[in-house]
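1. Below: sequence and its predicted model.
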Amino acid sequence: MCEALCLLLLFSYRQSIYTDAQHLMTRCLMDPDILRNLFRSDKVFTKGGTNWSNVADPEIDELLDQGASESDPQKRKEIYAQIQQYMIDRAIILPIYVFPYTVAHSKKVEGLKFDLLGYPLLYDVTIRK
């Protein structure tokens, strides 16, 4: 489930759904850097880590480290697009379940935003009279 979420995060990041990287990190409390915990060679599950897919490839380790240390949002986006392509090309994981979550609101509700999972972010919500 966590790996599927990360692929969704990568896809969203790559598709520019979240164009403001600061918003991505502060509002959603998520960043693509979480992928280092899931796919770095030194985090393999068999050694007590969280790399359940047991990917052990210096190429992906280097890309993950570059993504974590890059401060330019556009360059980061390009690096994580490469990571996503790596995962897709090698069929590292197969997300087979997406939690259905439906939200509706009145036209009087303003400022409603959603996090990467589709849960409402109520920080800036106001109700118009």
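-> Received the coordinates, thanks.
2. C-alpha only now, for contacts and for neighbours.
-> Fine.
3. what's downstream of the lengthiest helix in the chain, the next helix or strand?
-> Counting by DSSP state H, the longest helix found in the chain is helix 73-89. Sequence order places strand 109-110 as the next helix or strand after helix 73-89, per DSSP states H and E.
4. Let me see the mean pLDDT of that next one.
-> The average pLDDT within strand 109-110 is 94.
5. that older thread, give me the mean pLDDT for the longest helix of the chain.
-> So the average pLDDT for helix 73-89 ends up being 92.
6. just for this structure, where's the confidence low?
-> 1-30 (pLDDT under 70).
7. who are the neighbours in contact with residue 65?
-> Neighbouring residues of residue 65 by Cα atoms under 8 Å, 6 or more residues apart in numbering: residue 36.
8. buried set for the helix or strand hosting it?
-> Element membership for residue 65 (DSSP H and E) is helix 58-69. Judged by neighbour count using 16 or more other Cα atoms under 10 Å, the buried positions of helix 58-69 are 60, 61, 63, 64, 66, 67, 68.
9. next one: stretch 85-104
-> residue 87.
10. measure it end to end?
-> 34 Å (Cα to Cα, to the nearest Å).
11. for stretch 42-56, same thing?
-> 8 Å.
12. Equivalent analysis for stretch 39-48, please.
-> 13 Å.
13. Where does the record place the domain boundaries for the protein?
-> The record, using automatic domain parsing to delimit domains, assigns the chain the ranges 2-89, 102-129.
14. Throw these into CSV and include distance to residue 96, thanks.
-> Formatted as CSV, the domains of the chain follow (distance: least, Cα to Cα, whole Å):
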stretch, distance to residue 96
domain 2-89, 8
domain 102-129, 15
